[in-house]
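**Student:** Below are the sequence and a predicted model; questions follow.
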Amino acid sequence: MRSSLPVLQLAALVCAFLAPGPAFGAPEEHNVLDGLQCRCLPSQPCWPSSASWSKFNQTVGGRLISTYPVARECHGSFYDKTRCEDIKKGYFFDHWRQLQPGPVQHVNWETLGGKGCLGFNQTQPCDQGNVPLLTVNVSSVADIQATVSFASKHNLRLVIKNTGHDFLGRSTAANSLSLWTYFRKRIATTDNFIPEGAPKETKGEHAVVLESGALWKDVYLAVHQAGRIAVGGADPTVGAGGGFCSGGGHGVLSPMHGLCVDNVLQFTVVTADGQLRVANAYQNQDLFWALRGGGAGTFGVLVETVLRTHPALEQIHYAFALITSPDPTKIDMIASDFWARQVALGKAGFSGYCFVDSNLIMLQYYLLNAPFAQAQAGVRPWLDYARSLSNVTVMNDTITTYPDYYTLFRMAMPGPGEGNPNAGGNLIIASRLIPADLLESKEKSEEVSLTLSGISSSIKASLPAAIAHTPGPNGQYLMHLMAGGQVAAAAQQGHADKTSLLPAWRKALIHVVVTASWEDRTPLSQQRRIQRTLTTAMDRLRKLTPGSGAYTNEADPEEPRWQNAFWGKNYPRLRAIKRKYDPKGLFVCRLCVGSDDWSDDLNCPRRR
Ligand SMILES: Cc1cc2nc3c(=O)[nH]c(=O)nc-3n(C[C@H](O)[C@H](O)[C@H](O)COP(=O)(O)OP(=O)(O)OC[C@H]3O[C@@H](n4cnc5c(N)ncnc54)[C@H](O)[C@@H]3O)c2cc1C
Ligand SMILES: *[C@@H]1O[C@H](CO)[C@@H](O)[C@H](O)[C@H]1NC(C)=O
Ligand SMILES: *[C@@H]1O[C@H](CO)[C@@H](O)[C@H](O)[C@H]1NC(C)=O
Ligand SMILES: *[C@@H]1O[C@H](CO)[C@@H](O)[C@H](O)[C@H]1NC(C)=O
Ligand SMILES: *[C@@H]1O[C@H](CO)[C@@H](O)[C@H](O)[C@H]1NC(C)=O
Ligand SMILES: *[C@@H]1O[C@H](CO)[C@@H](O)[C@H](O)[C@H]1NC(C)=O
């Protein structure tokens, strides 16, 4: 059986774009950026001359690329039959999109104010939209430093792009210069990593050292070959050294070994002043703390990440099931029952994903290094309950045992040229971390479940009729049993303070993601309505989980009071560190630390 994980399916639907809207809460403090100017735009005299661009291009070894929407040759006067046929073949695949400077994975971020260049309709115009104007396909550290310095000197809008998976559109921007890290892919494992500047007696650790363009599929293979495992995500084409870890980074191994941030031993980063800095427990500790949870695209350009690795698993059980019913109330009953079992499943060591739609539930749960009978005992009673209800079908329920993590990962994940289309659509999501103690109560578990079911219904009602009831990310939600265990233990052991990760992660058991999407041709006004519906519907869940928050990497791009939702009590310190290392705000991104000093389009410092 080959099934892609639900996270992939979330990205799989074809649909068009995001309303910029009022993105930021009013900054609660004075503006420290007084005296700074708005970013230099191409229409202005401050824009570098062609001689200046040309000189810069030489500095970066000719790696400067004029950048356009990826489907340009399918449109209007740019139309080129042969090129367009090639574009059509790759357009809906993550692997192909990643190889180009222009696109990101979710096309809603490539448009601006309803204008863009999506799909293949030749009569539709091709507008640059939210696509950068120029890209540096960086190869060396010197390329990165030169790009940072050039952007800083000319006051350009700079974006950092790796794979373009960002759910908040943080890896693309209109009128920007894009620093593209994707092709820096070196990965090396070691049994004896000692952080730079560590005292002499420091013992070496098993680790993997990766450049910022390394993908999880390649990192997993490298650590597997070294007989180890590393905490990464479910998707093969997400980057391991870009946004993933600095935002948190959850995966099937998290209850056993913590989040990705808990496993970072060292970051190497180019800061806004163009300097290369090594941050770890012994030097630049404030930067190290900030980069472990404070989010990417904010404190500098990550050049290299060192992650702790762990011994290979003895075995891994994978429980899969599909439950369907034409009757949504039956699905509600089964989902509520499942929510009430999460505390027990978490204590038993399970992790995994469960995808819930109005007529369908898909289970993908994992149990590591435990007897097979324990895996059965965990999921059987729930499946039996589902089977006992009339008008319900339980299908394909299997528990498969794999000898190691990599074999499982390869089975569940399509590679390049395999699998279903999984990118190139319009997708927005919202996140909430559900505290473990809430789920101790059967009544509260049921309330969480029914609240999510209500949120899904509201979202579906706002969607274009053509997609509201087709399979895909259309109001479905996805449970991630990814916290508890070592994620929670980090707090008890006093390790949590070593990261700037949202403290609510340590009390959570489940991270839940709700999805919405639209079609390329959906009118902008309706797109905005869908976005508003998602944001306001989630208030019901926010109310049910006071003091908790959301996962910054899989969040609502309009998350209210995001500073608190993403970072809680850590926000003020993060902002101070941001100001120390990037006083002029070179690195700005949507809902990122310190970006509340900037206008909604992030091009002008906010004036008081
Ligand atoms: C299909 C899919 C599956 C996912 N699965 C998981 C999962 O299992 N677990 C999980 O925790 N998350 C998951 N995510 C979310 C993922 O963690 C984020 O999208 C993450 O930000 C992606 O990082 P990237 O570098 O690959 O993407 P990009 O979009 O290229 O970058 C993301 C952010 O990081 C910044 N950035 C990139 N490279 C650098 C760099 N070198 N230095 C500084 N900043 C940089 C960008 O500017 C941007 O702000 C998934 C996302 C998708 C779309
Ligand atoms: C940069 O230089 C290379 C090599 O000379 C050239 O191919 C490329 O077109 C230049 N980029 C721009 C934007 O002019
Ligand atoms: C292409 O776009 C035109 C103009 O918006 C529209 O009338 C036509 O229906 C579109 N064609 C397809 C195949 O979608
Ligand atoms: C970017 O550079 C890499 C080598 O570092 C090269 O393989 C790749 O083709 C380049 N991509 C583009 C679009 O220029
Ligand atoms: C199953 O559910 C559907 C939808 O609610 C309903 O129309 C149908 O009558 C039910 N069938 C049975 C056998 O209960
Ligand atoms: C479920 O099982 C059926 C019949 O055995 C099979 O055809 C189908 O592909 C399976 N679906 C999934 C998602 O595994």
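**Tutor:** Yes, it's here. Ligands and ions are numbered 1, 2, ... in the order given.

**Student:** so how many other residues sit close to Ala483?
**Tutor:** Per other C-beta atoms under 10 Å, the neighbour tally for Ala483 reads 28. The way it works is simple: take the backbone N, C-alpha and C, and place the C-beta from them, glycine included.

**Student:** need the contact list for it.
**Tutor:** 250, 254-255, 433, 436, 505-506, 508-511 (C-beta atoms under 8 Å, 6 or more residues apart in numbering).

**Student:** so which helix or strand takes in it?
**Tutor:** Using DSSP states H and E, Ala483 falls within no helix or strand.

**Student:** pLDDT score for it?
**Tutor:** Note for Ala483: predicted pLDDT of 98.

**Student:** quick one: secondary structure of the residue of the chain found nearest ligand 6?
**Tutor:** Going by C-beta to the nearest ligand atom, ligand 6 is nearest to Asn396 of the chain, at 3.7 Å. Look at Asn396: counting by DSSP: H, G, I helix; E, B strand; the rest coil, its state is strand.

**Student:** okay, now it: neighbour count?
**Tutor:** 12.

**Student:** That one - nearest residue in space that isn't next to it in sequence?
**Tutor:** Leu322 (5.0 Å; C-beta to C-beta, 6 or more residues apart in numbering).

**Student:** Please look at that neighbour and Met362 and confirm they touch.
**Tutor:** Yes - using C-beta atoms under 8 Å, Leu322 is in contact with Met362, at 5.5 Å.

**Student:** ok, these two, which is more surrounded?
**Tutor:** Met362 (22 against 15).

**Student:** quick one: secondary structure of the more buried one?
**Tutor:** strand.

**Student:** In this structure it contacts Ile331, no?
**Tutor:** No - with contact defined as C-beta under 8 Å, Met362 does not count as touching Ile331 (11.5 Å).

**Student:** any idea which helix or strand carries Trp382?
**Tutor:** Short version, using DSSP H and E: Trp382 is in helix 372-388.

**Student:** That helix - contacts with which helices or strands?
**Tutor:** On a contact count with 3 or more C-beta pairs under 8 Å, 6 or more residues apart in numbering; DSSP states H and E, helix 372-388 meets strand 316-324, helix 328-340, strand 360-368, strand 393-402.

**Student:** again, 6 Å this time
**Tutor:** strand 316-324, helix 328-340, strand 393-402 (3 or more C-beta pairs under 6 Å, 6 or more residues apart in numbering; DSSP states H and E).

**Student:** Residues touching the helix or strand harbouring Val306, excluding its own?
**Tutor:** Counting by DSSP H and E, the element that carries Val306 is strand 301-308. Contacts to strand 301-308, defined as C-beta atoms under 6 Å, 6 or more residues apart in numbering, come from residues 141, 144, 160, 193, 205, 207-212, 230, 241, 263, 265-270.

**Student:** going on from it, what's the next piece of helix or strand?
**Tutor:** strand 310-311.

**Student:** Which strands border that next one, and is each parallel or antiparallel?
**Tutor:** strand 228-229 (antiparallel) (DSSP bridges).

**Student:** Could you pull up the mean pLDDT of the partner strand?
**Tutor:** On average, strand 228-229 scores 98.

**Student:** and after it, which helix or strand comes next?
**Tutor:** By DSSP H and E, the next helix or strand past strand 228-229 is helix 243-247.

**Student:** which secondary structure elements does that next one contact?
**Tutor:** Partner elements for helix 243-247 (3+ C-beta pairs under 6 Å, 6+ apart): none found.

**Student:** does the following helix or strand past it come close to ligand 1?
**Tutor:** Scanning forward in sequence from helix 243-247 by DSSP H and E, the next helix or strand is helix 254-257. No - applying C-beta under 6 Å from any ligand atom, one finds helix 254-257 separated from ligand 1 by no less than 8.7 Å.

**Student:** what helices or strands is helix 254-257 leaning on?
**Tutor:** Using 3+ C-beta pairs under 6 Å, 6+ apart, helix 254-257 is in contact with helix 485-492.

**Student:** Per-residue pLDDT of the closest residue to ligand 3 within the chain, please?
**Tutor:** Nearest to ligand 3 in the chain, going by C-beta to the nearest ligand atom, is Asn121, at a distance of 3.7 Å. On pLDDT, Asn121 comes in at 95.

**Student:** what does Arg607 give?
**Tutor:** 74.

**Student:** cool, Glu28 as well?
**Tutor:** The model's pLDDT for Glu28 equals 38.

**Student:** so how far is ligand 4 from the nearest residue to Gly114 once chain neighbours are set aside?
**Tutor:** Nearest residue to Gly114 in three dimensions, chain neighbours excluded: Leu524, at 3.7 Å (C-beta to C-beta, 6+ apart). Leu524 sits 31 Å away from ligand 4, going by C-beta to the nearest ligand atom, to the nearest Å.

**Student:** Let me know how buried Leu524 is, in neighbour terms.
**Tutor:** 16.

**Student:** correct me, but Ser351 touches Met256?
**Tutor:** No - with contacts counted by C-beta atoms under 6 Å, Ser351 stays clear of Met256, the gap being 7.6 Å.

**Student:** between the two, which one's more packed in?
**Tutor:** Neighbour totals were compared for Ser351 and Met256, and Ser351 leads with 24 against 19 (other C-beta under 10 Å).

**Student:** near ligand 1, which residues of the stretch 51-200 of the chain show up?
**Tutor:** 105, 159-167, 170-171, 181.

**Student:** from those, which is closest to ligand 5?
**Tutor:** For these, the nearest to ligand 5 is Phe167 (33.4 Å; C-beta to the nearest ligand atom).

**Student:** contacting residues around that closest one?
**Tutor:** Taking C-beta under 6 Å, 6+ apart as the test, what Phe167 contacts is 429, 554.

**Student:** So it versus Gln531, what's the distance?
**Tutor:** Look at Phe167 and Gln531: by C-beta to C-beta, to the nearest Å, they are 13 Å apart.

**Student:** ok, now Gly297?
**Tutor:** On the measure of C-beta to C-beta, Gly297 and Gln531 end up 21 Å apart.

**Student:** between these two, which one's more packed in?
**Tutor:** Gly297 (28 against 23).

**Student:** For the closest residue to that one other than its chain neighbours, give me phi and psi.
**Tutor:** Sequence neighbours aside, Cys589 is the residue nearest to Gly297 in space, at 4.2 Å (criterion: C-beta to C-beta, 6+ apart). As for Cys589, its main-chain torsions (degrees, to the nearest 10) stand at phi -160, psi 160.

**Student:** Around ligand 3, which positions in this protein sit nearby?
**Tutor:** So far as C-beta under 6 Å from any ligand atom goes, the chain lies against ligand 3 at 121, 123-124.

**Student:** Filter those residues down to the buried ones.
**Tutor:** Gln124 (16 or more other C-beta atoms under 10 Å).

**Student:** Between the residues of the chain next to ligand 3, which sits nearest ligand 2?
**Tutor:** Taking the residues of the chain next to ligand 3 together and measuring to ligand 2 by C-beta to the nearest ligand atom, the closest member is Gln124, at 26.2 Å.

**Student:** pLDDT of the helix or strand harbouring Thr147, averaged?
**Tutor:** Assigned by DSSP H and E, Thr147 belongs to helix 141-153. Averaged across helix 141-153, pLDDT comes to 98.

**Student:** what sits up against the next helix or strand after it?
**Tutor:** The first helix or strand that comes after helix 141-153 along the chain, using DSSP H and E, is strand 157-161. With contact meaning C-beta under 6 Å, 6+ apart, strand 157-161 is reached by 39, 151, 171-173, 175-180, 297, 301.

**Student:** Paired strands for strand 157-161, with orientation please.
**Tutor:** strand 176-180 (parallel).

**Student:** list the helices and strands the helix or strand that the strand it pairs with is followed by packs on?
**Tutor:** Sequence-wise, the next helix or strand downstream of strand 176-180 (DSSP H and E) is strand 187-193. Helices and strands touching strand 187-193, by 3+ C-beta pairs under 6 Å, 6+ apart, are strand 205-211, helix 216-225.

**Student:** Perfect, I'm done here.
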